[in-house]
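Asks: starting from these lines, generate the structure:
(2 chains)
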Amino acid sequence: KQEVTQIPAALSVPEGENLVLNCSFTDSAIYNLQWFRQDPGKGLTSLLLIQSSQREQTSGRLNASLDKSSGRSTLYIAASQPGDSATYLCAVDAGGSARQLTFGSGTQLTVLP
Amino acid sequence: GAGVSQSPSNKVTEKGKDVELRCDPISGHTALYWYRQRLGQGLEFLIYFQGNSAPDKSGLPSDRFSAERTGESVSTLTIQRTQQEDSAVYLCASSLAGPGYTFGSGTRLTVV
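Replies: Residues are numbered from 1 along each chain as shown, chains lettered A, B, ... in the order given. Predicted coordinates:
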């Protein structure tokens, strides 16, 4: 059974800092990995999706990497802003006929002005 | 529509009552998913619909939970005889056959 772990559970940084969020998964046979952002009381916003054949994806100040063999992904946020404060969730898609995401518990990020 | 729409956004119900949650997926999305998020926890998979195939119900926690979907449109998640442990945010997502998911804003269910 796939298990996804995110470290740290919470992170507080001053504005402008670069930071890294970590995600690890136990079964490397994945179809893709997706990073989401969740704001309080709201649904999930997709940030980046990395296919199993890819190493990284970039969108603006965000960069996500994937090392499938070691079961790890990182989300790098450059020049953090208070508006980046949210919970960041990592989710793994095993593909095949059972198309469901296995989520980590998230990292709650606070960027202090 | 432009996104995944869920209703109601909030629902407070008494223990033992039945509730019905609704999800309107993005038009043309063949796949639809329900997830549950308890306070302070990650998302748990509940059920997955793909076109006219039999749904994957492997995540439903008990027989009090059921879901229906008509073709590739609206889905309803029904919880019978609600219990306090059913209190959570219920999230719906839809996708095309390929990767990538769009989530709705969720229904916050509180059982008192």
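Asks: residues contacting the residue nearest to residue B:22 when sequence neighbours are not counted?
Replies: Spatial nearest neighbour of residue B:22, excluding adjacent residues (Cβ to Cβ, 6 or more residues apart in numbering or on different chains): residue B:7 at 4.9 Å. C-beta here means a position set from N, CA and C on the backbone, and glycine is covered the same way. By Cβ atoms under 8 Å, 6 or more residues apart in numbering or on different chains, the contact list for residue B:7 reads B:21, B:22, B:24, B:107.
Asks: in strands only, show me these.
Replies: Per DSSP state E, strands hold the following members of the contacts of residue B:7: B:21, B:22, B:24, B:107.
Asks: go ahead and confirm the last one touches residue B:10.
Replies: Read it as residue B:107. Yes - look at residue B:107 against residue B:10 with Cβ atoms under 8 Å: they come within range, at 7.2 Å.
Asks: hang on, residue A:46 is in a strand, isn't it?
Replies: Yes - the assignment for residue A:46 (DSSP: H, G, I helix; E, B strand; the rest coil) places it in a strand.
Asks: separation between it and chain B?
Replies: Residue A:46 sits 7 Å away from chain B, taking Cβ to the nearest Cβ, to the nearest Å as the criterion.
Asks: give me the nearest residue to that residue, chain neighbours excluded.
Replies: Sequence neighbours aside, residue A:36 is the residue nearest to residue A:46 in space, at 5.7 Å (criterion: Cβ to Cβ, 6+ apart).
Asks: thought the one you found was touching residue A:45?
Replies: Yes - using Cβ under 8 Å, residue A:36 is in contact with residue A:45, at 6.3 Å.
Asks: which parts of chain A sit against chain B?
Replies: Residues of chain A that fall close to chain B, judged by Cβ under 8 Å from any Cβ of the partner chain: A:4, A:31-32, A:34, A:36, A:41-46, A:49, A:51, A:89, A:91, A:93, A:97-106.
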